[in-house]
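In: After the sequence you'll find the predicted model.
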Amino acid sequence: MKTELSTEKLSILIPVFNEQSFLARIVERVLAAPLPGNLQRELVIVNDASTDRTADVIKGLCEKYSEIRAFDQPHNQGKGAAIRRAVQEMTGEFAIIQDADLEYDPSDYLIILQPLVEGLADAVYGSRFATREMRRVVHYHHKLANLFLTHLSNWMTGLDLTDMETCYKAFRSELIKSIPLRSNRFGIEPEITAKLAKRGAVIYEVPIRYHGRRYDEGKKIGWKDGISAIKTIVKYWFIDDCYNLESEDKIRQMTDYARSYTRWVAKLVTQRCGEKIIEVGAGIGLVSRYLPQRERLVVTGHDSKCLKILRNLFDGNQTTSVFEEDFSSDSSMDTMIRQTGKFDTVILLDHLAKTSQPDELLARLKNLLSDDGKIILTVPLLPFLFGNVDRNVGRIRRFSKREILSLLKRNRFQIIEYHSFNTLAVLGLWLSKVLRKKKLGKYSLKIYHTFAPISAYLERALPLPRGNALIVVKSYGTFDE
């Protein structure tokens, strides 16, 4: 739990379009709002090409208050686009969305932000429909539409929100920055919700006050936005566009769009794990989150953005640790061993296909093994399938069964188990190679996600070609004997 917040900042994201009447008052309320701990604040105002005097109001506010940073959109794009711009520009450790009208009360920041600064939540929603002291009685049909969209979103995401469409959404900034936001208008609300759910974010909900305004007072959302929200909910139920990391381990990004495949691999690995486990090169933790947390689980990575995601994923977990690693040198391996000790299970997923020096990698991993320890690894099979899709995810080869077994035996590993799986990969990669595709599209991967369980079932009974192998090995000697 966090106790010192003196150096942390809250970014208050304010999308603005034609709000000359209310903007100055809401800014004053935002600046006066109590914040938990010693949080500093910045106001990130994005003017979405307003056609009234909003730009002049913003200019005056910037001259008056040093906490304000203002940005202009080149043309009107909508609330979602303005929020996306604000997310790009913010500099705080936490963020909250604030509409530029008087419907939402900034004095609620204290209750909304508390779960974030205490380290309990990744995101917090302020609910207009949860139990609260008071509310302004406004549009029945508008409330009914909100409840319908919330229930539809809950059905698709598996969450139990009471108010998905609320403006007051607060986040850890590094989380929301790592999510690609696509919606330009009010579809941003269900989009954020769907992607937080698929990322496995810890979401809290707190009651807030709400002073809804009438359409003659400037309310902008309409029935067309409701139809758009339904489309957005269905769209992001079907596709899993959840990560915005250019340097992310690409194979992990690919399997994000095929979560059933990820769970399939995790199940195969878990059945073979011991008590002290390390996953080497865990990426963003799509497999790690399913691994058994027994006596000890260590997950490693080398990319700073991925490491942040891993550390937040396992924050507060007493049995799981996240380490930065670089297994390209003996010194980094020695440092790892001094800090963690040795392991009875080392998990290495796909990395032998990505390194030009597989013998050196195996030699260093052998040092991590305790007596009678084992390595569980997966490798892509069938060299004739190698093509642009493999190159795009960082592979430099696919193995034949003879090649991978020879590599392991040459490096003095005893092969305990060899299990080939994943027939769907054969068909998909063959079609991609024939069509000269550079990568598998999101819809192709969603189909892959849908049919992976069927493939797993059929493989138990039919002699189908398999695109991957899971191999369990034990060391029976050192390399210099």
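Out: Arrived safely, thanks for sending. Numbers count the residues shown, from 1 in each chain.
In: Next, the buried residues of the longest strand seen in the chain.
Out: The residue-count maximum for a strand in the chain (DSSP state E) belongs to strand 369-380. Across strand 369-380, burial judged by 16 or more other C-beta atoms under 10 Å covers Leu369, Gly373, Lys374, Ile375, Ile376, Leu377, Thr378, Val379, Pro380. Where C-beta positions appear, they are placed from N, C-alpha and C, glycine not excepted.
In: With stretch 349-369 instead?
Out: For stretch 349-369, by 16+ other C-beta under 10 Å, it's 349-355, 358, 361-369.
In: With stretch 172-181 instead?
Out: Buried, per 16+ other C-beta under 10 Å, within stretch 172-181: Arg172, Ser173, Glu174, Leu175, Ile176, Lys177, Ser178, Ile179, Leu181.
In: ok, the third one touching Cys306?
Out: It stands for Glu174. No - counting by C-beta atoms under 8 Å, Glu174 stays clear of Cys306, with 11.5 Å between them.
In: circling back: which one of the buried residues of strand 369-380 is nearest Ile97?
Out: Checking these against Ile97 with C-beta to C-beta, the nearest one is Thr378 at 40.7 Å.
In: Which strand residues bridge the closest one?
Out: Legend: beta-bridge partners of Thr378 under DSSP bridges are Leu349, Leu470.
In: on that earlier part again, can you list the buried residues of stretch 172-181 in TSV and add secondary structure, pLDDT and distance to Ile97?
Out: Listed next are the buried residues of stretch 172-181 as TSV, based on DSSP: H, G, I helix; E, B strand; the rest coil; pLDDT from 0 to 100; distance: C-beta to C-beta, whole Å:
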residue	secondary structure	pLDDT	distance to Ile97
Arg172	strand	92	14
Ser173	helix	92	12
Glu174	helix	87	16
Leu175	helix	89	14
Ile176	helix	93	10
Lys177	helix	91	14
Ser178	coil	86	17
Ile179	coil	90	14
Leu181	coil	93	11
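In: with those residues in mind, which one is nearest to Asp334?
Out: Out of these, the member with the shortest distance to Asp334 (by C-beta to C-beta) is Glu174, at 30.6 Å.
In: before we move on, which element is the closest residue to the closest one other than its chain neighbours in?
Out: Counting by C-beta to C-beta, 6 or more residues apart in numbering, Glu174 lies nearest to Lys308, which is 5.5 Å off, once chain neighbours are set aside. Per DSSP states H and E: Lys308 is located in helix 304-313.
In: With Tyr236 instead?
Out: Using DSSP H and E, Tyr236 falls in helix 223-238.
In: so what does that helix touch, helix or strand wise?
Out: helix 140-157, helix 188-198 (3 or more C-beta pairs under 8 Å, 6 or more residues apart in numbering; DSSP states H and E).
In: avg pLDDT for it?
Out: The pLDDT scores in helix 223-238 average 85.
In: now it and helix 188-198, what's the angle there?
Out: 20 degrees (axes from the mean of the first three to the mean of the last three C-alpha atoms, to 10 degrees).
In: List of residues touching helix 223-238?
Out: 145, 149, 152-153, 156-157, 165, 183, 185-187, 189-191, 194-195, 198, 443, 446 (C-beta atoms under 8 Å, 6 or more residues apart in numbering).
In: swap in stretch 167-177?
Out: For stretch 167-177, contacts defined as C-beta under 8 Å, 6+ apart pick out 11, 87-88, 90, 92-99, 103-104, 108, 112-113, 116, 122-126, 189, 192, 196, 199, 201, 208, 244, 308, 312.
In: if you look at those, which of them are in strands?
Out: Judged by DSSP E, strands contain the following of the contacts of stretch 167-177: Ser11, Phe94, Ala95, Ile96, Ile97, Ala123, Val124, Tyr125, Gly126.
In: closest to Phe421 among these?
Out: Ala123 (35.4 Å).
In: on that earlier part again, deepest in the core, which of the helices and strands packed on helix 223-238 is it.
Out: Greatest average neighbour count among these goes to helix 188-198 (a mean of 25), per mean count of other C-beta atoms under 10 Å.
In: Low-confidence ranges, the stretch 201-350 of the chain, go.
Out: Within the stretch 201-350 of the chain, the segments meeting pLDDT under 70 span 212-223, 245-258, 326-330.
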